[in-house]
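Colleague: I would like the atomic coordinates for the input below:
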Amino acid sequence: MTTAIDSLLQILDLETLEHNLFRGRSPQVGWQRVFGGQVIGQALVAASRTVVADRQVHSLHGYFMRPGDPAVPIIYEVDRIRDGGSFTTRRVVAVQHGHAIFSMSASFKVPEEGFDHQFDMPDVPMPEDLPSEKEMAARMPDSVPENIRKYWERERPIELRPVDLTHYFSSKSLPPKQYVWVRASSALPDDPRIHQCVLAYASDMTLLDTSMFPHGKSVFLPEIQAASLDHAMWFHRPFRADEWLLYAEDSPSAFGALGMNRGLLFSRDGTLVASTAQEGLIRRKKPKD
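Modeller: Below you'll find the model as predicted:
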């Protein structure tokens, strides 16, 4: 039986079409548009395929330009911008129906020793002390919208354990921050690049919703039009995406239908392994006449 993580690994295993040209597919699960994290992860796979093995990605910056169509493949074209003595730079454009839907620049670097400091990990409960996704679905009150309940009941390749569930069933204003434990739902191969691409996939989950907290809303609500517009990620230290990572998220600003969100990812021993930043569309839909 194919597991959710098996399906994710298949989605990330791009088909090579030609030099610098790759094809990716989407899961056929009834989505109206391609999940943004999937496009980020696949674009990073495409870029990584053109970089020598001893260089690891340290940053990526992407822009979403059009919604992806899950019914057709996505073509990823890689531009080998530079291969330097320490750094390698790649640009990736994802294309569907003859139009770019996503573009990303990524930088790779040789390992070296250097200065070392980091923020401390927030003091929050460990994942073992929090309910699993099935337990969360069972605990949801009847007042919770059906789409949120189905979200927690559906098998996914990334397991999530939020520290606080209040925003899923409350419309009160909350501080614009949240803490979510994340990990791949099954063991992954040891290749560090797979772990980086899986974490890139997962990093688009829950982040945008943080900017809705002060307004008592959620991206799950039918009255809200929400979409990731850009996404940046920095990989600081080695990690495994199949081990629990704490995603500490906050939103410093929302204005003009745009929400700004930031995230820090810590391993359970407190090591800061990655950071994210994302701006997204959070628009109230106009009522239909």
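Colleague: quick check: domain ranges of the chain?
Modeller: In the domain annotation for the chain, the residue ranges read 1-111, 130-288 (the TED database).
Colleague: Just the endpoints, please. Distance across the longest one?
Modeller: Length of domain 130-288, first residue to last, Cα to Cα, to the nearest Å: 41 Å.
Colleague: Quick check, Ser132 in contact with Arg161.
Modeller: Yes: between Ser132 and Arg161 there is a contact under Cβ atoms under 8 Å: 7.1 Å. C-beta here means a position set from N, CA and C on the backbone, and glycine is covered the same way.
Colleague: worst average pLDDT in the domains of the chain?
Modeller: Lowest mean pLDDT within those: domain 130-288, a mean of 91.
Colleague: So for Ser132 and Arg161, which sits in the more crowded spot?
Modeller: Taking neighbours as other Cβ atoms under 10 Å, Ser132 and Arg161 compare with Arg161 leading, 23 against 14.
Colleague: what about the more buried one, distance to Phe119?
Modeller: According to Cβ to Cβ, to the nearest Å, Arg161 and Phe119 sit 21 Å apart.
Colleague: element containing the closest residue to His215 other than its chain neighbours?
Modeller: If the residues on either side of it in the chain are set aside, His215 comes closest to Ser173, at 6.8 Å by Cβ to Cβ, 6 or more residues apart in numbering. In the assignment (DSSP states H and E), Ser173 maps to no helix and no strand.
Colleague: Please apply the same query to the one 5 residues further on.
Modeller: For Gln178, the enclosing helix or strand under DSSP H and E is strand 177-184.
Colleague: Would you tell me what the next helix or strand after that strand is?
Modeller: Following strand 177-184 in sequence order, the next helix or strand is helix 192-202 (DSSP H and E).
Colleague: For the following helix or strand past that following helix, which strands pair with it and how are they oriented?
Modeller: Once the chain leaves helix 192-202, the next helix or strand it forms, by DSSP H and E, is strand 224-228. With DSSP bridges as the test, strand 224-228 is paired with strand 272-284 (antiparallel).
Colleague: Any buried residues in the partner strand, and which?
Modeller: For strand 272-284, a neighbour-count test (16 or more other Cβ atoms under 10 Å) marks Leu272, Val273, Ala274, Ser275, Thr276, Gln278, Glu279, Gly280, Leu281, Ile282 as buried.
Colleague: can you dump the C-alpha coordinates of it into PDB?
Modeller: Output of strand 272-284 as PDB, limited to C-alpha atoms (Å, rounded to 0.1, in the frame of the first residue of the first chain):
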ATOM      1  CA  LEU A 272      17.800  26.500  14.700                       C
ATOM      2  CA  VAL A 273      17.900  24.700  11.300                       C
ATOM      3  CA  ALA A 274      15.900  27.000   9.000                       C
ATOM      4  CA  SER A 275      14.000  30.300   8.600                       C
ATOM      5  CA  THR A 276      11.200  31.400   6.400                       C
ATOM      6  CA  ALA A 277       9.400  34.600   5.300                       C
ATOM      7  CA  GLN A 278       6.300  34.900   3.200                       C
ATOM      8  CA  GLU A 279       3.800  37.500   2.100                       C
ATOM      9  CA  GLY A 280       0.400  36.300   1.100                       C
ATOM     10  CA  LEU A 281      -2.900  37.600  -0.200                       C
ATOM     11  CA  ILE A 282      -5.600  37.700   2.600                       C
ATOM     12  CA  ARG A 283      -8.600  39.300   1.000                       C
ATOM     13  CA  ARG A 284     -12.200  39.500   2.000                       C
END
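Colleague: where along the stretch 51-200 of the chain do the helices fall?
Modeller: Counting by DSSP state H, counting those that start in this stretch, the stretch 51-200 of the chain has helices at residues 133-139, 146-153, 166-169, 192-202.
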